[in-house]
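J.: Predicted model and sequence below, questions to follow.
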Amino acid sequence: MRILVTGGAGFVGSHLIDRLMEAGHEVICLDNFYTGNKRNILQWLDNPYFELIRHDITEPIRLEVDQIYHLACPASPIHYQYNPIKTTKTSVLGTINMLGLAKRVKARILLASTSEIYGDPDVHPQTEEYRGNVNTIGIRSCYDEGKRIAETLCFDYHREHGLEIRVARIFNTYGSRMLENDGRVVSNFVVQALKGIPLTVYGDGSQTRSFCYVSDLVEGLMRLMNGDHVGPVNLGNPDEYTILELAQKIQQKINPNAQIQYKPLPADDPRQRQPDITRAREWLGWEPTIPLNDGLEKTIADLSDRLSQS
Ligand code: NAD
Ligand code: UDP
């Protein structure tokens, strides 16, 4: 198949491209390199079945493809809040453009949605039926509401035009290739511990997250794309930790003497987050296989390599 991956030079997208190329597909990677990096896809640049197009998805594009994994959108709060209007445009205009493309060439399209559509959830763990608790006017809204309307657009194209859609709600994912300055919690703590500077815990660290290793996520995305269920489907690891527990784990692994520095909790930071993955288990036969300890080891090795080269 010829498969388009938007945001393919990013963290998740580049791991997905590795799997698709290894499976013998033709892959087109579309990226504007806002948070993506050519280094992530370097190994495929000379491959005749791989094509890289520098393009901003807020502009339409004409391509002939069979499937579209639509991942383009900054995912780290510091990056999506840097230019919030652009973030909304990427989710809204970008998704309209990709759905238009899918409709024209009759391609199946998978949207990388997010657990952020549940906002600061008052249902725990979160099932797909939960409709969320999102602030429409806060600093996270550009991302959360952008993804909510992207989901709406997918389902309207599905109902109106019979488009084949798939919607994945991705929970916090981490792993190799996260940028040193990505800003998300796992890479921040690992980089800080490796550099011997204090680990920055926002608030008192009692807020929780559930961390999924990237290879598990990619497996879930591919099963969803190639299965019969439209979704939405939660993809994440149900093992839940407080942020302080995560800091302590990373501290123990890298540098037990590293300090912890408490910083103010950003506005609207969700108090808790844990996926209910019953649907993914039943529909896709999917569940995570990599425990946090193993995933952290891989992430630490990767970031440590890159830091020692820079
Ligand atoms: P990332 O920032 O590493 O990757 C996003 C990619 O999209 C980058 O390569 C970036 O350059 C590209 N991009 C951004 N705006 C673009 C635009 N206007 N036009 C073209 N390309 C653009 O983030 P990631 O963690 O790999 O996330 C990938 C997708 O998965 C995103 O849609 C994100 O919302 C979703 N997601 C990720 C997580 C996670 O924990 N990693 C959680 C929930 C949802
Ligand atoms: N966080 C933290 N220190 C950091 C980065 C993040 O304590 O250096 C916290 C953040 O406030 C949030 C959690 O870790 O409660 C996860 O943040 P991240 O940006 O990784 O993703 P989010 O789930 O908030 O989108």
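T.: Ah, there it is. Numbering: from 1, shown residues only. Ligands and ions are numbered 1, 2, ... in the order given.

J.: Pull up the gap between the closest residue in space to residue 221 that isn't next to it in sequence and residue 46, please.
T.: Excluding the flanking residues, the one nearest residue 221 by C-beta to C-beta, 6 or more residues apart in numbering is residue 168, at 5.8 Å. Heads up, the C-betas are built off the backbone N, CA and C, glycines and all. Separation of residue 168 from residue 46 (C-beta to C-beta, to the nearest Å): 31 Å.

J.: what ranges do the strands span in the stretch 51-200 of the chain?
T.: 67-70, 108-114, 165-170, 173-174, 199-202 (DSSP state E, counting those that start in this stretch).

J.: With distance to residue 268 added, can I get these in CSV?
T.: Output for the strands of the stretch 51-200 of the chain, formatted as CSV (distance: least, C-beta to C-beta, whole Å):
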stretch, distance to residue 268
strand 67-70, 25
strand 108-114, 14
strand 165-170, 18
strand 173-174, 21
strand 199-202, 12
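
J.: Just send these back as TSV, with distance to ligand 2 too.
T.: TSV is the format used below for the strands of the stretch 51-200 of the chain (distance: least, C-beta to the nearest ligand atom, whole Å):
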stretch	distance to ligand 2
strand 67-70	19
strand 108-114	8
strand 165-170	11
strand 173-174	8
strand 199-202	4
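
J.: between residue 168 and residue 46, which one's more packed in?
T.: residue 168 (25 against 7; other C-beta atoms under 10 Å).

J.: correct me, but the more buried one touches residue 227?
T.: No: between residue 168 and residue 227 there is no contact under C-beta atoms under 8 Å: 11.3 Å.

J.: Stretch 97-113 and ligand 1 in contact?
T.: Yes: Stretch 97-113 reaches ligand 1 (C-beta under 6 Å from any ligand atom) through residue 112.

J.: Apologies, that question was intended for stretch 219-229.
T.: No: applying C-beta under 6 Å from any ligand atom, one finds stretch 219-229 separated from ligand 1 by no less than 9.0 Å.
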